[in-house]
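Student: return atomic coordinates for the entry below.
(one chain, ligands or ions: 2)
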Amino acid sequence: MTERNCGDCTLCCKVMAIETLAKPAGTWCSHCRPGCGCLIYETRPTECLSYSCLWLTDKRFGQHWKPNKSKIVLTASEDGIEVRCDPGFLDAWRKEPFRREIGALAEAGEVNDITVLVIVGEKMILVTADQEFDLGAVGADERIVRELEGPRVVDATVVKASDLKE
Ligand code: SF4
Ligand code: SF4
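Tutor: Ligands and ions are numbered 1, 2, ... in the order given. Coordinates of the predicted model:
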């Protein structure tokens, strides 16, 4: 099977925050030529060098998930999968077949304790097999705490990281 490559997609250069460049999430990097590539490719920060979205690396996600077409960038996180929408298309994840496939990921995730987090603008939404938990803006010093009944998530709240017991 042929390897995927970014081609005409540059969406992660808009959607992701790049700390080294003080680039906030949701705005184009000043070094990006949208649809073409990075103007400082040879010297781009390590964060960029080491980043690959899940569409690029995981063939479970079909061609329809290509980020510049779907307007969604999928990223592997410590806890599971982050689904980031292009700020110009905040409802992209609600369109089909994306919403259905996100639900299927969440359902499979409950068995393997993998979380599916949708990020639209500042807002985060934890998606489970049968619910959506709108968590609002979650700060860097905050954590999402899930309440479980068996494998099923029955509630989710945001707390200060400093309030969590070790
Ligand atoms: S979002 Fe994925 S496919 Fe698009 S440029 Fe970034 S890594 Fe490549
Ligand atoms: S430095 Fe290059 S690869 Fe990194 S976000 Fe900017 S345009 Fe994209």
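Student: in the lengthiest helix in the chain, what's buried?
Tutor: If you go by DSSP state H, the chain has its longest helix at helix 98-112. With burial defined by 16 or more other CB atoms under 10 Å, the residues of helix 98-112 counted as buried are 98, 101, 102, 103, 105, 106, 109, 110. Where you see a C-beta, it was placed from the backbone N, CA and C, and this is true even at glycine.
Student: tell me where the protein has strands.
Tutor: Remark: strands of the chain, listed N- to C-terminal, are 32-33, 37-38, 72-76, 80-85, 115-120, 123-127, 132-137, 142-149, 152-160; assignment by DSSP state E.
Student: any chance you could list what contacts the longest one?
Tutor: Residues lying outside strand 152-160 but in contact with it, judged by CB atoms under 8 Å, 6 or more residues apart in numbering, are 110, 126, 128-129, 131, 133, 135-136, 138, 141-148.
Student: what of the fourth one?
Tutor: For strand 80-85, the surrounding residues in contact (CB under 8 Å, 6+ apart) are 15-16, 25, 54, 71-76, 91-93, 102, 105, 109, 114-121, 127.
Student: quick one, which of the strands of the chain is nearest to residue 8?
Tutor: Go through the strands of the chain one by one with CB to CB and the one that ends up closest to residue 8 is strand 37-38, at 9.1 Å.
Student: is ligand 2 within reach of the closest one?
Tutor: Yes. Strand 37-38 reaches ligand 2 (CB under 6 Å from any ligand atom) through residue 38.
Student: quick check: neighbours of that strand in the sheet, parallel or antiparallel?
Tutor: strand 32-33 (antiparallel) (DSSP bridges).
Student: re earlier: quick check on the contacts of strand 152-160: which are buried?
Tutor: 110, 126, 128, 129, 133, 135, 138, 142, 144, 146.
Student: and the gap between the third one and residue 155?
Tutor: It refers to residue 128. Using CB to CB, to the nearest Å, one gets 10 Å for the distance from residue 128 to residue 155.
Student: which of the contacts of strand 80-85 come close to ligand 1?
Tutor: Checking the contacts of strand 80-85 against ligand 1 by CB under 6 Å from any ligand atom, the ones in range are residue 73.
Student: which of the contacts of strand 80-85 are buried? Put it as a PyMOL command.
Tutor: The command below creates a PyMOL selection of those among the contacts of strand 80-85 that count as buried (16+ other CB under 10 Å):
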select buried, resi 15+16+54+71+72+73+74+75+92+93+102+105+109+115+116+117+118+119+120+127
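Student: burial count for residue 81?
Tutor: Neighbourhood size, residue 81 [other CB atoms under 10 Å]: 21.
Student: one more: the one 5 residues further on?
Tutor: Residue 86 sits with 18 neighbouring residues when counted by other CB under 10 Å.
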